[in-house]
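>>> okay, structure incoming, though there's no sequence with it:
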């Protein structure tokens, strides 16, 4: 269940992840993790996924694993990048690392805010690597693999109240209640959309979707004109 993330920080921050999004908003959620760890705007980050020329090792997206496996890998990679920047900032500012303060995308010396280095300036300095602390390699490029210690099971309970016409068999959904324990949520709006989408898929499979075959065994519901997909109505 390993999942890999590569984080490269130049003045434009690039994330390459080993799991392919199939509608889970990876571009938003993984960028949020990195933006929070680095204290930078979300718009500064670009996310690339499952590019076989660039992506690190990954086992795809299934079983609700992207956020719980790839998410920690992303956080660890971004944290390693930030810690390297902080170490370099202490060297540039000529102070102990414990005295470095970071806020508003600026590294400064505690008690002396005028002595500072902007985030982008630090990223550029590490990218070129012309003048770095002894033993520090240039660039801000980290690849992290995360292997969770155990499985992660989300729990939920869904109840549908329906009315069925005894003559026609038509089904009307009167009320639907869903309670899900998703654990720590990165983006509530994304999770809400995933739950609602799952409900619609479940309704479709229960009421209208079917693979039908003719007397010769040929599939006749082989396109969207004959296979009834769930719709907003």
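Right, received. Where do you want to start? All values derive from a computational prediction rather than experimental measurement.

>>> tell me which stretches of this protein form strands.
3-9, 13-17, 45-49, 100-103, 106-109, 112-118, 140-146, 155-164, 171-181 (DSSP state E).

>>> tilt between the second one and strand 45-49?
Interaxial angle, strand 13-17 versus strand 45-49 (axes from the mean of the first three to the mean of the last three C-alpha atoms, to 10 degrees): 20 degrees.

>>> now the longest one
Using the same axes, to 10 degrees, one finds that strand 171-181 and strand 45-49 are set 110 degrees apart in direction.

>>> count of neighbours near residue 75?
Residue 75 is flanked by 19 other residues according to other C-beta atoms under 10 Å. For the C-beta atoms, the positions are set from N, CA and C on the backbone; glycine is no exception.

>>> tally of neighbours for the nearest residue to it once chain neighbours are set aside?
Nearest non-adjacent residue to residue 75, counting by C-beta to C-beta, 6 or more residues apart in numbering: residue 33, 5.3 Å away. Using other C-beta under 10 Å, residue 33 has 24 neighbouring residues.

>>> contacts only, for residue 33.
Listed by C-beta atoms under 8 Å, 6 or more residues apart in numbering, the contact partners of residue 33 are 71, 74-75, 78, 186.

>>> switch the cut-off to 6 Å
Residues in contact with residue 33, defined by C-beta atoms under 6 Å, 6 or more residues apart in numbering, are 71, 74-75.

>>> from those residues, which is closest to residue 143?
residue 74 (11.2 Å; C-beta to C-beta).

>>> wait, residue 90 sits on residue 100?
Yes - assessed by C-beta atoms under 6 Å, residue 90 is found in contact with residue 100 at 5.1 Å.

>>> what about those two, which has more around it?
Using other C-beta under 10 Å, the more surrounded residue of residue 90 and residue 100 is residue 100, with 22 against 18.

>>> rewinding a little: residue 129: which of the strands of the chain is closest?
Using C-beta to C-beta, these put strand 140-146 closest to residue 129, at 10.4 Å.

>>> okay, now the sheet partners of that closest one, with direction.
strand 3-9 (antiparallel) (DSSP bridges).

>>> quick check: mean pLDDT of the partner strand?
For strand 3-9, mean pLDDT is 62.

>>> pick the most buried one from the strands of the chain.
strand 3-9 (a mean of 25; mean count of other C-beta atoms under 10 Å).
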